[in-house]
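Student: structure for this input, please:
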Amino acid sequence: MDILTVIGAIFGVGAIAGGVLSALSARVVSQYEKGLVFRFGRVVGTRDPGLRMLIPFVDRMRKVSTQIVTMPVPAQDGITRDNVTVRVDAVVYFRVIDPVCAVVEVQNYLFAVGQVAQTSLRSIIGKSDLDSLLSNREELNKGLEIMIDSPALSWGIHIDRVEIKDVSIPDSLKRSMSRQAEAERERRARVISAEGEWQASKMLAQAGAQMSESPAALQLRLLETVVQVAAEKNSTLVLPFPVELLRFLERGTPAEVTATDTAAESTPTAPESTPEIAPLEPTPALGQGDTPAAEQDGIRP
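Tutor: Sure, this is the predicted structure:
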């Protein structure tokens, strides 16, 4: 009886120890992870997703995520090639393709990628001008991706894409750019208006030449204008006097009458003679001793 008790105790202790060892050796690797197994500090291989068993107290597993990591790059201050101070920030998308290199070759691959992204962004700012940073971002993104991907490949990391998020420029430069854009649009508006006037004058000249060959077309155009004016609800109707009618009347006027009128207008009119009026001689005043002329002639009152 005592032997059975001892044997049962031994089996119980063994089962407990086996359960503890199983719990210590069992590892679960997620679908988006890779298990890197170290045995006495040396890499012996990787484990795929699922339930994996390790040697207790001998093997150690480190899990590495293979998901795409989105890392924002802090805004970097720099001077462009055309001597403009800007502030640019970006975002980097990368993933681990070789867990062994990502863990063994670099101490902290996240920090390393972040530092490379910042230095590459500063380098891109110095090599580019302001117009390229504002309008040609696709090529800059490709160049930045190549610059970051070159050292990252040796770390077992692949750069999927790099995007420049925002470019901040000084307020004074913003005002200058707005004035430049306003002046450019004003220039375009004036050029377009001038081209429109030129085309309109050209078409009007062609229309006038065409109508001069056919007087009936000019009369039809006149009637159409009258119809358009009369279509509105107004009480005044404007009838333009055609120039052709004046020319017709001018041609119908006899040449002799025209010549006579022209000569009469050109010959100055002689002024009428005015009779001269002799000045009256003053009559002498009568004194006491003087005799009137009537009395001298024998006429008395």
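Student: could you pull out the strands for the stretch 51-200 of the chain?
Tutor: Here the stretch 51-200 of the chain has its strands, by DSSP state E, counting those that start in this stretch, at 59-65, 69-79, 85-96, 157-168.
Student: now do the helix or strand that contains residue 221: distance to the chain's middle.
Tutor: Assigned by DSSP states H and E, residue 221 belongs to helix 215-231. Remark: helix 215-231 is offset 45 Å from the chain centroid, using C-alpha atoms, centre = their mean, to the nearest Å.
Student: out of the strands of the stretch 51-200 of the chain, which comes closest to residue 143?
Tutor: Nearest of those to residue 143, taken as C-beta to C-beta: strand 157-168 at 9.1 Å. For glycine as for every other residue, the C-beta is placed from the backbone atoms N, C-alpha and C.
Student: sheet-wise, list the partners of the closest one with their directions.
Tutor: Strand 157-168 has its sheet partners listed here by DSSP bridges as strand 85-96 (antiparallel).
Student: and the strand it pairs with with strand 69-79, angle?
Tutor: Angle of strand 85-96 versus strand 69-79, following axes from the mean of the first three to the mean of the last three C-alpha atoms, to 10 degrees, is 160 degrees.
Student: and residue 223, how many neighbours does it have?
Tutor: Residues lying near residue 223 (other C-beta atoms under 10 Å) number 10.
Student: quick one: it and residue 217, what's the gap?
Tutor: 11 Å (C-beta to C-beta, to the nearest Å).
Student: got it, and residue 40?
Tutor: 106 Å.
Student: now residue 160
Tutor: Using C-beta to C-beta, residue 160 is found at 71 Å from residue 217.
Student: try residue 79
Tutor: Distance from residue 79 to residue 217, by C-beta to C-beta: 69 Å.
Student: for residue 220, give me the pLDDT.
Tutor: Predicted confidence (pLDDT) for residue 220: 79.
Student: need the contact list for residue 163.
Tutor: Neighbour list for residue 163: 90, 91, 93, 141 [criterion: C-beta atoms under 8 Å, 6 or more residues apart in numbering].
Student: over to residue 87?
Tutor: Shown in contact with residue 87 (C-beta under 8 Å, 6+ apart): 75, 76, 77, 78, 167, 168, 169.
Student: what bridges to it?
Tutor: residue 77, residue 168.
Student: before we move on, back to that, which pair in the contacts of residue 87 spans the largest distance?
Tutor: So, those by C-beta to C-beta: farthest apart are 76 and 169, at 13.9 Å.
Student: returning to that earlier point: and residue 135, which of the strands of the stretch 51-200 of the chain is closest to it?
Tutor: Of the strands of the stretch 51-200 of the chain, nearest to residue 135 by C-beta to C-beta is strand 157-168, at 10.3 Å.
Student: the closest one: which residues count as buried?
Tutor: For strand 157-168, burial by neighbour count (16 or more other C-beta atoms under 10 Å) applies to 157, 159, 162, 164, 167.
Student: how far does it sit from the chain's center?
Tutor: The chain centroid and the centroid of strand 157-168 are separated by 24 Å, computed with C-alpha atoms, centre = their mean.
Student: swap in stretch 182-192?
Tutor: 13 Å.
Student: for stretch 115-135, same thing?
Tutor: In terms of C-alpha atoms, centre = their mean, the centre of stretch 115-135 is set 22 Å apart from its chain centre.
Student: quick check: mean pLDDT across that stretch?
Tutor: For stretch 115-135, mean pLDDT rounds to 89.
Student: contacts for it?
Tutor: Outside stretch 115-135, the residues touching it (C-beta under 8 Å, 6+ apart) are 71, 73-74, 76, 78-82, 84, 86, 88, 90, 92, 139-140, 143-144, 147-148, 151-152, 162, 164, 167, 169.
Student: select only the buried ones of the residues you listed in ChimeraX?
Tutor: Typed into ChimeraX, the line below selects the buried ones among the contacts of stretch 115-135, using 16+ other C-beta under 10 Å:
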select :73,76,78,80,84,86,88,90,92,140,143,144,147,148,152,162,164,167,169
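Student: neighbours around residue 27, how many?
Tutor: 17.
Student: for it, give me phi and psi.
Tutor: For residue 27, the backbone dihedrals (degrees, to the nearest 10) come out as phi -140, psi 140.
Student: cool, thanks, signing off.
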